[in-house]
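Visitor: Here's a sequence, model it:
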Amino acid sequence: MIKLLMIQPENREINKFRRLQFNNFSQITIPYLAAFVDERHYSITLVDEYCQRIPYRKPFDLVAITVNTPNAPHCYEISAKFRRKGAKVVMGGPHATLLPEEVKEHCDYLLVGEGEITWPEFLRDFRNGTPKEIYKSDTIPELSNLPVPRWDLLKRRRMMKGAVFATRGCPYSCRYCNLKQIYHNCFRTRPIQDVVEEILRIPSRFFVFWDDNLFADTDYAKNLLRAITPLKRKWAAQATLRDCNDEELLRLARAAGCMYLFIGLESFSDASLANAGKKINRVEDYKPLIDNIHSHGIMVQAGIVFGFDGDTKNVFDETLIACETLGIDGATVSILTPFPKTPIYEQLKKEGRLLSEDWGRYNSKTMVTFQPKNMTTEELYDGYLRFRRKFFSLGSFIKRMKVSKTNIAVNFIINLGYRLGIRRS
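Guide: Residues are numbered from 1 along each chain as shown. You can find the predicted model right below:
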């Protein structure tokens, strides 16, 4: 029996930031990949560093690590420790796909791209003693007959371990986003009945759709919503504002249990939206579309990014006023981060404005990694912190709820989670 350790890594910096907030759902990657493992040949230990420690003292034959950019240096340290003990290490994930030449220096085996085909192939080869150093996803995987994530292997976090994906990819091409480089450039959907059956097996009544844009295919989304309505679950999803411009879609979403939608507004400045390549957003559309989402009893969690070239030192106060005026229910606030292979990364590198390529600094929450155009790095970071403190203050919450009037009790709990995190930081 091969002893397999599968790790969802989280470095101390981002773990400290996330654990200050209590409303974090578990990531789906490692429980999903664990579902492909044949337990006739492998014994699986799954570790989520959000709430577990890595068992370095236990012996393992194979260690699998999914690597995203801000965790890359941390993953390299994990790998080195296990390799010194004689274990073999296989790495995959977004950063391994973006920078395979870098990542392969820190592991024995590398999986590049989507894993539905390459991960089972690697496991078979490793079991047979014939593993290759690199596996690359050249064929676009079909998203049918997929195994159900092994949530049973994930310890703790009973209420926050529910995630499912119905689609993969995004039809849009924002300049700061690397989805086009990570996935095959092809938006795909799963069979609806497969999604329904998976939701039924999620242990919690609450779950999130892990899709990058659940409503991108409107017809598919409507059929999916009709199918999950009888399940009587509560859920959240990510969508673009333009794709919410559909009365029937919003009505179906609410009937199916949608509590809130994460919507990447990114900015309230047309100049900054142009710099972001967010052509699908128009500031003039924000109010009527958000008002309509609220009218269906659905909360709006806005994705907001500070640091675009159109941003000045006034952007923080202007954004707060706009959020309060529109009744934005919640916000996921980030510092613009030029992830490798994105157009914004290439632009900033060409202009000599990158301050570091220490990937551990690229977490979008606690550090600035480039020279902003219209302010200093300190002004960007301090303004970002100031916005978060003010947005999640009781006074701002009251102002926003007077406009939103949507699920106020639930809204208060969600905002409180962020507020407590800010007070403890």
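Visitor: separation between the closest residue to residue 10 other than its chain neighbours and residue 376?
Guide: Nearest non-adjacent residue to residue 10, counting by C-beta to C-beta, 6 or more residues apart in numbering: residue 49, 4.0 Å away. C-betas here are computed from N, CA, C, even on glycine. Going from residue 49 to residue 376 by C-beta to C-beta, to the nearest Å gives 33 Å.
Visitor: which helix of this structure spans the most residues?
Guide: In the chain, with assignment by DSSP state H, the single longest helix is helix 408-424.
Visitor: What is that one packed up against?
Guide: Here helix 408-424 touches strand 299-306, strand 330-335, helix 377-391, helix 394-404, going by 3 or more C-beta pairs under 8 Å, 6 or more residues apart in numbering; DSSP states H and E.
Visitor: which other helices and strands contact the shortest one?
Guide: If I follow you right, that is strand 330-335. Checking 3+ C-beta pairs under 8 Å, 6+ apart, strand 330-335 ends up next to strand 299-306, helix 377-391, helix 408-424.
Visitor: If we use 7 Å, what do you get?
Guide: Counting contacts by 3 or more C-beta pairs under 7 Å, 6 or more residues apart in numbering; DSSP states H and E, strand 330-335 packs against strand 299-306, helix 377-391.
Visitor: Determine the three-state secondary structure at residue 155.
Guide: Recorded secondary structure, residue 155: coil (DSSP: H, G, I helix; E, B strand; the rest coil).
Visitor: The closest residue to it other than its chain neighbours: neighbour count?
Guide: Computed as C-beta to C-beta, 6+ apart, the closest residue to residue 155 that is not its neighbour in sequence is residue 52, at 6.3 Å. Number of residues near residue 52 (other C-beta atoms under 10 Å) recorded here: 17.
Visitor: Surely residue 52 forms part of a strand?
Guide: No. Using three-state DSSP, the assignment for residue 52 is coil, not a strand.
Visitor: if I read this right, it contacts residue 46, doesn't it?
Guide: No. Assessed by C-beta atoms under 7 Å, residue 52 is found out of contact with residue 46, at 8.7 Å.
Visitor: To residue 109, which of the helices and strands packed on helix 408-424 lies closest?
Guide: Nearest of the helices and strands packed on helix 408-424 to residue 109, taken as C-beta to C-beta: strand 330-335 at 32.5 Å.
Visitor: now the helix or strand following that closest one: mean pLDDT?
Guide: Downstream of strand 330-335, the next assigned helix or strand under DSSP states H and E is helix 343-350. Average pLDDT, helix 343-350: 96.
Visitor: care to break this protein down by domain?
Guide: The record's domain split for the chain, according to automatic domain parsing, is 2-136, 162-424.
Visitor: can I get those domains in JSON lines with distance to residue 143?
Guide: Below are those laid out as JSON lines (distance: least, C-beta to C-beta, whole Å):
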{"stretch": "domain 2-136", "distance to residue 143": "8"}
{"stretch": "domain 162-424", "distance to residue 143": "4"}
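Visitor: for those, which one sits closest to residue 150?
Guide: Among the domains of the chain, the nearest to residue 150 by C-beta to C-beta is domain 2-136 (4.1 Å).
Visitor: Figure out how far that closest one is from the centre of its chain.
Guide: 17 Å (C-alpha atoms, centre = their mean, to the nearest Å).
Visitor: before we move on, back to that, of the helices and strands packed on strand 330-335, which stretch is the most buried?
Guide: Mean neighbour counts were compared across the helices and strands packed on strand 330-335 using mean count of other C-beta atoms under 10 Å; the top stretch is strand 299-306, at a mean of 22.
Visitor: Surely residue 228 is in contact with residue 194?
Guide: No. Contact between residue 228 and residue 194 fails when scored by C-beta under 7 Å: they sit 12.0 Å apart.
Visitor: Among these two, which residue is more densely surrounded?
Guide: Remark: of residue 228 and residue 194, residue 228 carries more neighbours, 23 against 16, as counted by other C-beta under 10 Å.
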